[in-house]
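In: Curious how this folds, go ahead:
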Amino acid sequence: MKIGVFTPTYNRPDLARFVALQMQNQTVKPALMCFHQNGTSDSYEWAIADLRLDFDVKWIHTPDRIPQAQWYMIPLQYCIDQQCDCFFWCDHDDWYLSNHVEQQVNQLKGQCADFVINDKCRCVALAEPYRDVQETLFTAHAPKGMSSSMCFNRPFAAALVDAFKAPGDRFPYADQVVASLKPRFKCITGAVNTTTYVIHANSLTSKGWL
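Out: Sure thing, here's the model as predicted:
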């Protein structure tokens, strides 16, 4: 199984470096990690250039501001083109326990599923004083779980790219596009919490929680 991770990043070289190091710390590492920087004119690939990582890294830079679906579609398509079989949606501002990749792959394979998402995650609010990290049932994202915990197989990935390309504004956010596909596939809820959702002032989903 060839594991690919795709990660959009905007205006935060520190977080790009952080999530690369989180993937390096996984008990099962990906074969490929594809970053898609968008919305700023200068590339900050330099933020990860010195890291010694046990997987291939691809950095794609789109200077223009683009619709949210394309943040994810472009690096996902690259992972598909590189013959990945298993795909991880990892946002650069969330935290991943060291067993995240291993646990999600085990659940995907063990239940012969197309798609796994965690409905429980820990949450930490980046406000002063920082709030305690607590486990919660996550309902803010359309796929009925924490979006950046998602793991899926190649047929789901191909359908997701096609859905991202489809015209129309029925689903303005990428997680809503994912949710629209779930009835067509075998989708399961992860039994093990392996992620922490970070609440911050620039979050589209949860900035109001601060």
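In: List the contacts of L32.
Out: With contact set as Cβ atoms under 8 Å, 6 or more residues apart in numbering, L32 has these partners: K2, I3, G4, V5, F55, D56, V57, K58, C79, Q82, C84. (C-beta placed from N, C-alpha, C; glycine too.)
In: pretty sure the last one is touching V5, no?
Out: No. The pair C84 / V5 is not scored as a contact, 9.1 Å apart, by Cβ atoms under 8 Å.
In: So which of these two has more stuff around it?
Out: The neighbour count for C84 versus V5, taken as other Cβ atoms under 10 Å, is higher for V5 (29 against 24).
In: Neighbouring strands of the helix or strand of the chain with the lowest mean pLDDT in the sheet, and parallel or not?
Out: None of the helices or strands of the chain scores lower by mean pLDDT, DSSP states H and E than strand 134-137, at a mean of 86. Applying DSSP bridges, strand 134-137 is found paired with strand 120-125 (antiparallel).
In: In PDB, list the C-alpha atoms belonging to the strand it pairs with.
Out: Written as PDB, here are the backbone C-alpha positions of strand 120-125 (Å, rounded to 0.1, in the frame of the first residue of the first chain):
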ATOM      1  CA  LYS A 120     -14.200  12.100  18.300                       C
ATOM      2  CA  CYS A 121     -11.100  14.300  18.600                       C
ATOM      3  CA  ARG A 122      -9.400  16.400  21.200                       C
ATOM      4  CA  CYS A 123      -9.700  20.200  20.900                       C
ATOM      5  CA  VAL A 124      -7.300  22.900  22.000                       C
ATOM      6  CA  ALA A 125      -8.200  26.600  21.800                       C
END
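In: re the thing from before, hmm, who's touching the least confident helix or strand of the chain?
Out: Residues outside strand 134-137 that contact it (Cβ under 8 Å, 6+ apart): D119, K120, C121, R122, C123, N193.
In: now that we have those residues, which one has the most neighbours?
Out: Of all those, the highest neighbour tally under other Cβ under 10 Å goes to C121, namely 23 neighbours.
In: That residue: what's it in contact with?
Out: Going by Cβ under 8 Å, 6+ apart, C121 touches E135, T136, F138, G145, M146, S149, N193, T195, T196, Y197.
In: let's see 10 Å
Out: C121 makes contact with 94-95, 134-138, 145-146, 148-149, 190, 193-197 under the criterion Cβ atoms under 10 Å, 6 or more residues apart in numbering.
In: Which parts of the protein are helices?
Out: 13-24, 68-81, 100-110, 154-165, 174-181 (DSSP state H).
In: Okay, buried residues for the fourth one please.
Out: To tie it back to what came earlier, the one meant is helix 154-165. Buried residues in helix 154-165, defined by neighbour count with 16 or more other Cβ atoms under 10 Å: R154, F156, A157, L160, V161, A163, F164.
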